[in-house]
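1. Prediction below, plus the sequence it came from.
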Amino acid sequence: MLELRLVQGNLLKKVLEAMKDLVTDANFDCSATGFSLQAMDSSHVALVALLLRSEGFEHYRCDRNITMGMNLNNVSKLLKCAGNDDIITIKADDGGDTVSFMFENPKQDKISDFEMKLMDLDSEHLGIPDAEYHAIVRMPSSEFSRICKDLSSIGDTVVISVTKEGIKFSTRGDIGNANIVCRQNTTVDKPEQAIVIQMNEPVSLTFALRYLNSFTKATSLSETVTISLSSELPLVVEYKIADMGYIKFYLAPKIEDDE
Amino acid sequence: MLELRLVQGNLLKKVLEAMKDLVTDANFDCSATGFSLQAMDSSHVALVALLLRSEGFEHYRCDRNITMGMNLNNVSKLLKCAGNDDIITIKADDGGDTVSFMFENPKQDKISDFEMKLMDLDSEHLGIPDAEYHAIVRMPSSEFSRICKDLSSIGDTVVISVTKEGIKFSTRGDIGNANIVCRQNTTVDKPEQAIVIQMNEPVSLTFALRYLNSFTKATSLSETVTISLSSELPLVVEYKIADMGYIKFYLAPKIEDDE
Amino acid sequence: MLELRLVQGNLLKKVLEAMKDLVTDANFDCSATGFSLQAMDSSHVALVALLLRSEGFEHYRCDRNITMGMNLNNVSKLLKCAGNDDIITIKADDGGDTVSFMFENPKQDKISDFEMKLMDLDSEHLGIPDAEYHAIVRMPSSEFSRICKDLSSIGDTVVISVTKEGIKFSTRGDIGNANIVCRQNTTVDKPEQAIVIQMNEPVSLTFALRYLNSFTKATSLSETVTISLSSELPLVVEYKIADMGYIKFYLAPKIEDDE
């Protein structure tokens, strides 16, 4: 039997909003350690990995490992029925073919429960090895989101280059060329506003802006985003989920002749 | 001659917004007691009844009963030209074929007047007898609106059931099943937030969510809504209009085999 | 060489928003005195004239007169990438075929630069003589915008009439007739809220609301608008740009038989 109780139900709403445009159907995996998901986007170009650790839940009971296939759009529709301050409880029986979601409002005078059929989905769990990256940049998530959106109005792909001085985002399109440089900056009022660059080796890689813009749907989950780049590895865009885990997006670079 | 002066012109704007999606053309009836309207929706399934009592107007002159047929969409367009703090005056001559609306802003430096042709519409005044209901529920209007909207993302019809403990809204659709229970709750900070259930007999009836969603366009008129249910009578959804009257929506239950 | 540095980069963003729906391509003219533009709308009915005086820039260097043809929609796209508090620098080489825009954020940790190809456009500079107007009305720009928008829901053209007492906007359509009168009012809390009428001769002219609504895109540039009317001249709708200049829109009256 599975029973998870999350006081900050809002987090789950945001997690679904962050994934639902990228991934249609996916398996949620529950084990004693936590609630996780790994899925490719429908065009098999990007990968999303979610982890919500068991310690982050008010109550977490998972008698045996269980995999629940769901249509993320439907889950998102259900979660939209939860208020932002609602407590969310997820329940499933071992071997059952349904999952239930319960929302309790803070005044405790409204209780909503939803039952949803589970789907039978092929699991394709990719092992993602811990890797050394050439450069890791932490910056305000809203700034990263703004840059991806702004550059999309000019071009389709972005070259992300990291040097010791900063991270540069470049694009070109019919209108012209654009370069946005964010400099390392740790003298800020709040640590979340810092731009921190860890670099072993300069790196310059090209990515499709369409996917980066999808990733930034997770912006509301965290005030900062961490971007990890290496010339032999997919880009990682990571949003920490306070005290609970993370949502990570992986994207392979584009090989372009003219860059 | 008819001359009505309403200091809270905003109320009239909200009344039109509440009705215009449901009803296309309707007769406004003015008498010494007040300004009223009764109309079926275009599919002849729902009925709306409006009353604004003469005492609620700053000035109310109605020499003889007068019936004015108007296209509610056009009236709504005119009223959108009124500022939220404007004073609205409605004038019509006995036997004339036009009505005029005048809006005065609080600074008294802007006066707008509009003249509109009246329409000749068949009156179909239904007598609505005062009836005993099995259950009457008063709840925050925003909560009722939220529930109708949320359930619409899952199903097309809602079963509303009232017991002594609470009011339950249930639906089912391709995604799954949903139940939302609001419990009687009178220990609240503000009386408008209470959920008050008066029940003579348990009742469970099915309604089309489409119409309920239309009714909730009146939410801005009142912080509370009263829902009256009886197995032999149409549902009544009533929004009080402060010190002036009400807008009531009537809807016949659906007869469903599988409920 | 041209180099302009504008601390209030926001102004330039608003200027482009104000013009881009009316004018597709236009020449920006830079001289020692300032940065200006004059262009007809695509249907050759309305004219827009912009002036930003050199004194309004933090840094203004213009070695020789230079004309830069740009697609306003593209410029607007670039400027949308500038934050509201960014400093904007515009650079161009004499005889070059590109212009560059640079945006610096207040924290100085983000620098964006954009390079855009210039276009070769025919110049059609109209001399606009200083003229005597029958009536000049200054009023809150938001009020003028509201009136144009409101009347558009009723009719296509507006008759603007000025007498000593006030300015009247009238329209008629299928729904009915509308008249909005704004009275001279100088007893206001803030001078921007005043309605000030200077009249030599009563005047009554008809204009297409579509163009007036386009002009009101400039509303965010100034709290007041000045409307100048004369029976022999195009209407002028002018928005002052604080300490820097103005944006003026010219529109010829419609000759209508039934007015």
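-> Perfect, thanks for sending it.
2. does A:Ser231 sit in a helix, a strand or a coil?
-> coil (DSSP: H, G, I helix; E, B strand; the rest coil).
3. And A:Arg210, by the same measure?
-> helix.
4. Contacts only, for it.
-> A:Arg210 makes contact with A:Ser152, A:Asp156, according to Cβ atoms under 8 Å, 6 or more residues apart in numbering or on different chains. Yep, even glycine has a C-beta here, placed from its N, CA and C like the rest.
5. Kindly recompute the last result at 10 Å.
-> A:Ser43, A:Val45, A:Ala46, A:Cys148, A:Ser152, A:Asp156, A:Thr157 (Cβ atoms under 10 Å, 6 or more residues apart in numbering or on different chains).
6. Quick check: nearest residue in space to the fifth one, chain neighbours excluded?
-> The shortest distance from A:Ser152 to any non-neighbouring residue, by Cβ to Cβ, 6 or more residues apart in numbering or on different chains, is to A:Leu209 (4.8 Å).
7. ok, the one you found to chain B distance?
-> From A:Leu209 across to chain B, the span is 31 Å (Cβ to the nearest Cβ, to the nearest Å).
8. How confident is the prediction for that residue, by pLDDT?
-> pLDDT, A:Leu209: 98.
9. What's the local residue count around it?
-> 21 (other Cβ atoms under 10 Å in any protein chain shown).
10. my read: it touches A:Phe169, true?
-> Yes - counting by Cβ atoms under 10 Å, A:Phe169 is a contact partner of A:Leu209 at 9.4 Å.
11. what sits in contact with each of the two?
-> Common neighbours of A:Leu209 and A:Phe169 (Cβ under 10 Å, 6+ apart) are A:Ile147, A:Cys148, A:Asp150, A:Leu151, A:Val158.
12. Am I right that the third one sits in a strand?
-> No - the assignment for A:Asp150, made by three-state DSSP, is helix rather than a strand.
13. so what's it up against?
-> The contact partners of A:Asp150, by Cβ under 10 Å, 6+ apart, come to A:169, A:171, A:178, A:180, A:209, C:77-78, C:80-83, C:103, C:112, C:114.
14. Mind putting the residues you listed into CSV with secondary structure?
-> As requested, the contacts of A:Asp150 are exported to CSV (three-state DSSP):
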residue, secondary structure
A:Phe169, strand
A:Thr171, strand
A:Ala178, strand
A:Ile180, strand
A:Leu209, helix
C:Lys77, helix
C:Leu78, helix
C:Lys80, helix
C:Cys81, coil
C:Ala82, coil
C:Gly83, coil
C:Phe103, strand
C:Ser112, strand
C:Phe114, strand
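15. just those residues now: which is nearest A:Thr67?
-> Of all the contacts of A:Asp150, A:Thr67 sits closest to A:Leu209, with 33.2 Å by Cβ to Cβ.
16. how far away is the closest one from chain C?
-> From A:Leu209 to chain C the distance is 13 Å (Cβ to the nearest Cβ).
17. For the stretch 51-200 of chain A, what lies in contact range of chain C?
-> A:139-140, A:143, A:146-147, A:149-151, A:153-154, A:166, A:168-189, A:193-195 (Cβ under 10 Å from any Cβ of the partner chain).
18. Can you list the low-confidence ranges for chain A?
-> Residues of chain A that meet the criterion pLDDT under 70 lie in A:256-259.
19. Can you show me the helices along it?
-> A:9-19, A:72-80, A:141-152, A:209-215 (DSSP state H).
20. and the longest one, which residues are buried?
-> If you call a residue buried by 16 or more other Cβ atoms under 10 Å in any protein chain shown, then helix A:141-152 has these buried ones: A:Ser141, A:Ser142, A:Glu143, A:Phe144, A:Ser145, A:Arg146, A:Ile147, A:Cys148, A:Asp150, A:Leu151, A:Ser152.
21. now swap in stretch A:211-231 and tell me
-> By 16+ other Cβ under 10 Å, the buried positions in stretch A:211-231 come out as A:211-212, A:214-230.
22. check whether that stretch contacts chain C.
-> No - Stretch A:211-231 stays clear of chain C (Cβ under 10 Å from any Cβ), getting no nearer than 14.2 Å.
23. Endpoints of that stretch, how far apart?
-> Distance across stretch A:211-231, first residue to last, is 18 Å (Cα to Cα, to the nearest Å).
24. just stretch A:224-243 next, same as before
-> Stretch A:224-243 has its terminal residues 14 Å apart, counting by Cα to Cα.
25. Return the distance of it from the chain's centre.
-> Distance, stretch centre to chain centre, for stretch A:224-243: 10 Å (Cα atoms, centre = their mean, to the nearest Å).
26. And stretch A:168-186, by the same measure?
-> 24 Å.
27. Just the CA trace of that stretch, in PDB.
-> Extracted in PDB, the C-alpha atoms of stretch A:168-186 (Å, rounded to 0.1, in the frame of the first residue of the first chain):
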ATOM      1  CA  LYS A 168      27.100  34.100 -22.800                       C
ATOM      2  CA  PHE A 169      23.900  33.200 -24.700                       C
ATOM      3  CA  SER A 170      24.000  34.000 -28.500                       C
ATOM      4  CA  THR A 171      21.500  33.600 -31.200                       C
ATOM      5  CA  ARG A 172      20.900  34.800 -34.800                       C
ATOM      6  CA  GLY A 173      17.900  35.100 -36.900                       C
ATOM      7  CA  ASP A 174      16.300  37.100 -39.800                       C
ATOM      8  CA  ILE A 175      16.200  40.200 -37.600                       C
ATOM      9  CA  GLY A 176      19.900  40.100 -36.600                       C
ATOM     10  CA  ASN A 177      22.300  38.800 -34.000                       C
ATOM     11  CA  ALA A 178      21.900  38.800 -30.200                       C
ATOM     12  CA  ASN A 179      24.400  38.200 -27.400                       C
ATOM     13  CA  ILE A 180      23.400  38.200 -23.800                       C
ATOM     14  CA  VAL A 181      26.300  38.000 -21.200                       C
ATOM     15  CA  CYS A 182      25.700  37.400 -17.500                       C
ATOM     16  CA  ARG A 183      28.800  38.100 -15.500                       C
ATOM     17  CA  GLN A 184      29.800  36.300 -12.300                       C
ATOM     18  CA  ASN A 185      28.200  38.300  -9.500                       C
ATOM     19  CA  THR A 186      28.300  37.300  -5.900                       C
END
